[in-house]
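Colleague: Sequence plus the predicted model coming up.
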Amino acid sequence: MIGGFNGENRERSVHIFNTHTDEWLPGPEMQYRRSTLGVALLDKKIYAIGGFDGQSGLMTAESLDLLTNTWSMIAPMSVRRSSVASCSLNNYIYASELNSIQNQERINDFFMISIVSIK
């Protein structure tokens, strides 16, 4: 579980489910508070994309390196986005903002983030 809303505040928290012990364990906190974010897995990294911080949609995105267990900021998006759905396919992360309102018009926006793998 990554980010979210506890009824009062947006969260930076990460909780990892251990399938062997059937328990939730705390993980490293994100750098930004986010709810309604998109999450995708690619090349041993988990990406947290956009979301809502309680005030506005976010342009920021960050990645959790599963080998070092640390979060790093990646390039921001060109616009703020919340209510994000995302997935990875063929070395790309695809994300869609669901039912957003921009410039007083209802839109379903689609965007793609290209991730370059450094090995």
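Modeller: All right, it came through fine. All of these numbers come straight from a predicted model, not from anything done at the bench.

Colleague: And for the closest residue in space to residue 13 that isn't next to it in sequence, the neighbour number?
Modeller: Leaving aside its chain neighbours, residue 13 sits nearest to residue 29 (5.8 Å; criterion: C-beta to C-beta, 6 or more residues apart in numbering). C-beta: built from backbone N, CA, C; applies to glycine. By the criterion of other C-beta atoms under 10 Å, residue 29 has 14 neighbours.

Colleague: got a list of what the closest residue to residue 32 other than its chain neighbours touches?
Modeller: Counting by C-beta to C-beta, 6+ apart, residue 60 is the residue found nearest to residue 32 once chain neighbours are left out, at 5.6 Å. Applying C-beta atoms under 8 Å, 6 or more residues apart in numbering to residue 60 gives the contacts 32, 50, 73, 76, 77.

Colleague: before we move on, back to that, name the SS class of the residue nearest to residue 13, please.
Modeller: Assigned by DSSP: H, G, I helix; E, B strand; the rest coil, the conformation of residue 29 is coil.
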